[in-house]
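Undergrad: below are the sequence and a predicted model; questions follow.
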Amino acid sequence: MNFLKYYKEAVCVIKDRDPAMKKNIEAILYPSFWAIYHYRRAHRMHLKGKVFKARKISQRTAKRTGIEIHPAAEIGKGLFIDHGHGVVIGETTIIGDNVTLYQGVTLGGTGKEKGKRHPTIGDNVMIGAGAKVLGSFTIGENSKVAAGSVVLEEVPPNSTVVGVPGIVVKQDDVRIPHNDLDQVHIPHPVQNELKRLSNEIELLKKNIQ
């Protein structure tokens, strides 16, 4: 893999999604910069049947960066892993283009499946800190998974997922801009309904009085 080409692409991705980056050279200080670079190397080896060498690269990289990416995973362009420690991407995971993951994210299996055991993540998806996506299903494009959520089933495109287990909230059919990757202030349908009922009860109490 051409390092200079990778560096230029990584700089563009990081600058687009992390306001903390002030100078281009800072890209090499990001754990995800090296984790993704070495994943690309290991993935090429894996495709050539050099499985042991590929796993050796990925495990060594995991120790150095805190990010574990199986070399057999399929990852598109523009992946950004912010901070990154504790991120795990399983063997049969498929990730589309321009996906953003935060620290502590697991794209894993349930232990019950065989073959395709890990999730497929569509283009332009954001998965918040500490979120777990477990199983062989798809997170549709342009979707958000809130921090700390546990997702165990299919998510339609253009959706927001919150809670444990994850609850889907449908969004407008628009691409999520990178400068709006808010992983915390996300509407929760159950909380919103409880608040509505609480307000209604208070209003009834006032009317009775």
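TA: Nice, I can see it. Residues are numbered from 1 along each chain as shown.
Undergrad: every contact and neighbour count from this point should use C-alpha atoms.
TA: OK.
Undergrad: can you give me the helices for the chain?
TA: Along the chain, counting by DSSP state H, helices occupy 3-17, 31-47, 51-65, 189-208.
Undergrad: okay, those, which one's buried deepest?
TA: helix 31-47 (a mean of 20; mean count of other Cα atoms under 10 Å).
Undergrad: next, the angle from that helix to helix 3-17.
TA: On the basis of axes from the mean of the first three to the mean of the last three Cα atoms, to 10 degrees, helix 31-47 is oriented at 130 degrees to helix 3-17.
Undergrad: other SSEs contacting helix 31-47?
TA: In terms of contacts (3 or more Cα pairs under 8 Å, 6 or more residues apart in numbering; DSSP states H and E), helix 31-47 is packed against helix 51-65, strand 67-69, strand 80-82.
Undergrad: ok, and what's touching that helix?
TA: 1, 6, 10, 27-28, 51, 53-55, 57-58, 61-62, 65-73, 80-84 (Cα atoms under 8 Å, 6 or more residues apart in numbering).
Undergrad: how distant is it from the center of its chain?
TA: 17 Å (Cα atoms, centre = their mean, to the nearest Å).
Undergrad: now swap in stretch 20-37 and tell me
TA: The answer for stretch 20-37 is 18 Å, by Cα atoms, centre = their mean.
Undergrad: stretch 88-106 too?
TA: On Cα atoms, centre = their mean, the centre of stretch 88-106 falls 5 Å from that of its chain.
Undergrad: give me the average confidence score over it.
TA: Averaged over stretch 88-106, pLDDT sits at 96.
Undergrad: straight-line length of it, end to end?
TA: With Cα to Cα, to the nearest Å as the measure, stretch 88-106 spans 5 Å from end to end.
Undergrad: same question, stretch 60-78
TA: 23 Å.
Undergrad: for stretch 59-71, same thing?
TA: Note: stretch 59-71 ends 10 Å apart using Cα to Cα.
Undergrad: which residues touch it?
TA: Stretch 59-71 has contacts (Cα under 8 Å, 6+ apart) with 31-32, 34-35, 38-40, 42-43, 46, 54-55, 58, 84-91.
Undergrad: isn't residue 73 right up against residue 107?
TA: No - look at residue 73 against residue 107 with Cα atoms under 8 Å: they stay out of range, at 10.5 Å.
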